[in-house]
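S.K.: Fold the following and give me the result.
(chains A, B and C)
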Amino acid sequence: MTQGDAVEEHEWGPAPVEVGADPTERLLAELNPPQRAAVTHGEGPLLVLAGAGSGKTRVLTHRIAYLVATGMAHPGEILAITFTNKAADEMRERVERLVGGVSRLMWVMTFHSACARILRREAPRLGYKGTFTIYDQADSLRMVKRAMNELEVDPKRFPPRTVQSQISDAKNRLIDSVEFRDQQGSFFEETVADVYEMYERRMHAANAMDFDDLLVRTVNLLELFEDVRERYQQAFRHVLVDEYQDTNRAQYRLLQLVSAIHGNLFVVGDDFQSVYGFRGADIRNILEFERDFKDTEVVKLEQNYRSTQTILSAANAIMANNRGQKEKRLWTDVGEGVPVTISELTDEHAEARYVAGEVERLATEEGVARTQIAAFYRTNALSRVLEDTLVRYDVPYQVIGGTKFYERAEIKDAIAYLNVLVNPDDAISFARIVNSPRRGIGQTTQARLLSHANTNGISPLEAAESVARVPGLGPGAVKAVSRFAEMIASLRQRSEAEPPVAGLLEAVLSESGYLDALEAERTVEAEGRVENLNELVGVAGEFDANRAVEGPSEISPLDEFLQQISLFSDQDQMRRDDELVTLMTLHNAKGLEFDVVFMIGCEEGVFPHPRSVEEGNLEEERRLCYVGVTRAKRHLYLTSARERNLYGARGYNLASRFLGEVPDQLVERQVAQSQPSGWSLGGGGLGGGVAPPQPRPAVELGVGDDVIHASFGEGIVTAVEPGSVVVVRFAGDNTERKLMADYAPLRKAS
DNA sequence: TGCTTCACCATTTTT
DNA sequence: TGGTGAAGCA
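M.R.: Reported below is the predicted structural model:
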């Protein structure tokens, strides 16, 4: 907290909105009538059904500002919850713009951050230490496997991922292992119940919580301890929730608990955009809100400020095929716009060429910025052909999603070292680092350490510290383990002296031998990993700097750093400044908007996904389609391919049923003439929307040449294949790509 | 202990 | 088609 903010804190009240006249006037001036009704709502629950592009974030931020400006709430009494860090950041920023620095007193954060914050203080009540570690899905999966291993459950018959997801589902529904067992009948489920129980026990012993635990344990806390419950119920006079349709049972219960005294629950959502059912989101939470919270008022936002009427009509028509939903019809006053283009191509290559060609045509002939163009697909696998084609057409693009920074092995390793320093009970992090880098502590040794730890009720680290007492270890293993234990002990001493996190991290990386081992590899991959680790050190340095400004807090810097990054994912990696076309899954597209949207792979067998159809989730697929369609502001393209390689086999598919649900009068249809596919660029019909770049005389490239690519940057040629294809490994993202030497924007580095 | 080969299998994934 | 994970060998 800076000096300036401290001053503003004392001056809170009518925030710096307007001097003189009614301070709320300007806030309300920018709103349409239903928006205004929502913002000026008095006390009691309110459900805002906010259609796509209807200004829901505006309503939320203005509502918060309104509460502050009218004195209905002190900033410190406001809890505003989102699902993503990105949404929370955006909301905080926009609120700050409206009310100024007092926004710092508000709790504007994700469900998980809010829960983690509460649990850091209160976890001892539940028998956890305040320094608990937060496990991501991968860590949690390891723990599931470990529990299964301990119970001798065959992973062939019980896929760990399935078991994990059943446990997670149960937690999302607030069903603990005891209740889970009671409800189950089949042998399979009995076994899952066993694993669930063991998993919980081991998680607790490791002083660790998975993402679901953050919610569930907070609910437990509030239900079990009246004083804690009342404290938070009193504290949060107004509770606001974004994307309410995505809440699961645990989140629902949490909101119910936390808003019980004041009853001011303000939720904004769109049942049409509920696409996370597979993760436990329960669409009933929004459909039955009025029943669950007495005297709820409902406001519908149906005016859309994003898309043309054509696009909205298409979206409405698609959704008319779903049942059990809140009646809602989007409209706009921006006009009809151009028809939806539906194109049927011969195969995925033609489809990709079509998209690439149209992108270039739009960019060069119609002046559409490439940042305003996106392509969505149902499954990540569909991006590959499109990417290859965009490269060949020299169209710069970015892919959102994919491998995340914090999921990279080297980053997870580094964090695991820090986890062990803060939380010595953390068995999963221990396992991660004990033999990484290689120090001769192999599987057998690890298994013996672990079983010794489990039978004696101590942590693996403690077992390592008294390795002499572990039975069955050879002298070599004993020596390696005790050296490891000593190294950790010395690092822990260092961490307790509270140095900056960045310095500690550097010490960890060098003293553990991790960096040395990477450098000894002398490969491009290893180099990239070192770079990533440097980036992590940079993140830590930034954290240290911010912390120095904000002053001390009750928990240690390292602890705070770990909590922050464990709940941070780099979803907000998207760049909007460069001239890049954006590629992503339909799920990732939620909340975004683009002038031009391509939805590729609109075929039966792809979208709707056959698995969803099997499982009776067609309506959710249709909502996903709705989400995709409503991202488009001006022009929507829906493409399908008659045949496509999927999982190595050729598949022949009909166009998606969703295409048929768009009324003909809104559509301009294009059907490809049969044309050969493959490497031949251009040609007639579709896919030749724009002439491909003329072949240049081949650049003489050989293995080992350093090259520079217009969008991928520096790389090295690792192979040359017939047909003037070169394989280049790029330093930037460490991937190998096959490029057409004649077409790729590639030149030899000097 | 650790590397290599082989078989398998396969949505979506805010935290 | 390609990435992952478990058994087999040096």
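
S.K.: switch to C-alpha atoms for all contacts and neighbour counts from now on
M.R.: Fine.

S.K.: residues from the stretch 501-650 of chain A in reach of DNA strand C?
M.R.: Within the stretch 501-650 of chain A, the positions near DNA strand C by C-alpha under 7 Å from any atom of the strand are A:646, A:647, A:648, A:649.

S.K.: May I ask which of the residues you listed has the most neighbours?
M.R.: Highest neighbour count within those: residue A:646, with 14 neighbours (other C-alpha atoms under 10 Å).

S.K.: Next up, the contacts around that residue.
M.R.: Counting by C-alpha atoms under 8 Å, 6 or more residues apart in numbering, residue A:646 touches no other residue.

S.K.: let's see it at 10 Å
M.R.: Residue A:646 makes contacts with A:348, A:381, A:382, A:605, A:606, A:652, as judged by C-alpha atoms under 10 Å, 6 or more residues apart in numbering.

S.K.: For the fourth one, grab phi and psi.
M.R.: Going back to what we said before, that points to residue A:605. Torsion angles at residue A:605 (phi, psi; degrees, to the nearest 10) stand at phi 90, psi -10.

S.K.: Number of residues surrounding it?
M.R.: A total of 18 residues lie near residue A:605 under the criterion other C-alpha under 10 Å.

S.K.: if I look at the spatially closest residue to it that is not a sequence neighbour, how far off is residue A:445?
M.R.: Computed as C-alpha to C-alpha, 6 or more residues apart in numbering, the closest residue to residue A:605 that is not its neighbour in sequence is residue A:653, at 6.6 Å. Applying C-alpha to C-alpha, to the nearest Å, the value for residue A:653 to residue A:445 is 52 Å.

S.K.: Quick check, residue A:191 in contact with residue A:166.
M.R.: No - counting by C-alpha atoms under 10 Å, residue A:191 sits too far from residue A:166 to count as a contact (11.2 Å).

S.K.: re earlier: may I ask which of the contacts of residue A:646 has the most neighbours?
M.R.: residue A:348 (24 neighbours).

S.K.: Against residue A:69, how distant is that one?
M.R.: Going from residue A:348 to residue A:69 by C-alpha to C-alpha gives 55 Å.

S.K.: now residue A:156
M.R.: Counting by C-alpha to C-alpha, the gap from residue A:156 to residue A:69 is 60 Å.

S.K.: Of those two, which one has the most company?
M.R.: Each of residue A:156 and residue A:69 has its neighbours counted (other C-alpha under 10 Å); residue A:69 has more, 26 against 7.

S.K.: Need the per-residue pLDDT for that one.
M.R.: Listed pLDDT for residue A:69 reads 93.

S.K.: Relative to residue A:238, how far out is it?
M.R.: Distance, residue A:69 to residue A:238, by C-alpha to C-alpha: 14 Å.

S.K.: Also residue A:705?
M.R.: The gap separating residue A:705 from residue A:238 is 62 Å, by C-alpha to C-alpha.

S.K.: the more surrounded of these two?
M.R.: Neighbour count, other C-alpha under 10 Å: between residue A:705 and residue A:238, residue A:238 has more, with 28 against 18.

S.K.: Who does that one form a beta bridge with?
M.R.: Taking DSSP bridges as the rule, residue A:238 bridges to residue A:78.

S.K.: got it, and residue A:110?
M.R.: residue A:82.

S.K.: so how far is residue A:83 from it?
M.R.: 5 Å.

S.K.: okay, and for the stretch 501-650 of chain A, where does confidence drop off?
M.R.: For the stretch 501-650 of chain A, applying pLDDT under 70 flags the ranges A:550-553, A:570-577.

S.K.: Please apply the same query to chain A.
M.R.: Where chain A drops to pLDDT under 70, the residues are A:1-21, A:550-553, A:570-577, A:673-700, A:709-713, A:719-727, A:730-747, A:749-750.

S.K.: neighbours around residue A:26, how many?
M.R.: Using other C-alpha under 10 Å, residue A:26 is surrounded by 12 other residues.

S.K.: repeat for the one 5 residues further on
M.R.: When counting by other C-alpha under 10 Å, one arrives at 17 neighbours for residue A:31.

S.K.: for it, what are its contacts?
M.R.: Contacts for residue A:31 (C-alpha under 10 Å, 6+ apart) come out as A:37, A:38, A:39, A:55, A:58, A:59, A:62.

S.K.: What sits closest to residue A:486 if chain neighbours are left out?
M.R.: Nearest non-adjacent residue to residue A:486, counting by C-alpha to C-alpha, 6+ apart: residue A:465, 7.7 Å away.

S.K.: now swap in residue A:427 and tell me
M.R.: Per C-alpha to C-alpha, 6+ apart, closest to residue A:427 is residue A:206, 5.6 Å.

S.K.: Give me the number of neighbouring residues for the one you found.
M.R.: Neighbour tally, residue A:206, other C-alpha under 10 Å: 24.

S.K.: ok, so what distance separates it from residue A:139?
M.R.: According to C-alpha to C-alpha, residue A:206 stands 12 Å off from residue A:139.

S.K.: rewinding a little: mutual contacts of residue A:191 and residue A:166, please.
M.R.: Among the neighbours of residue A:191, none is also in contact with residue A:166 (C-alpha under 10 Å, 6+ apart).
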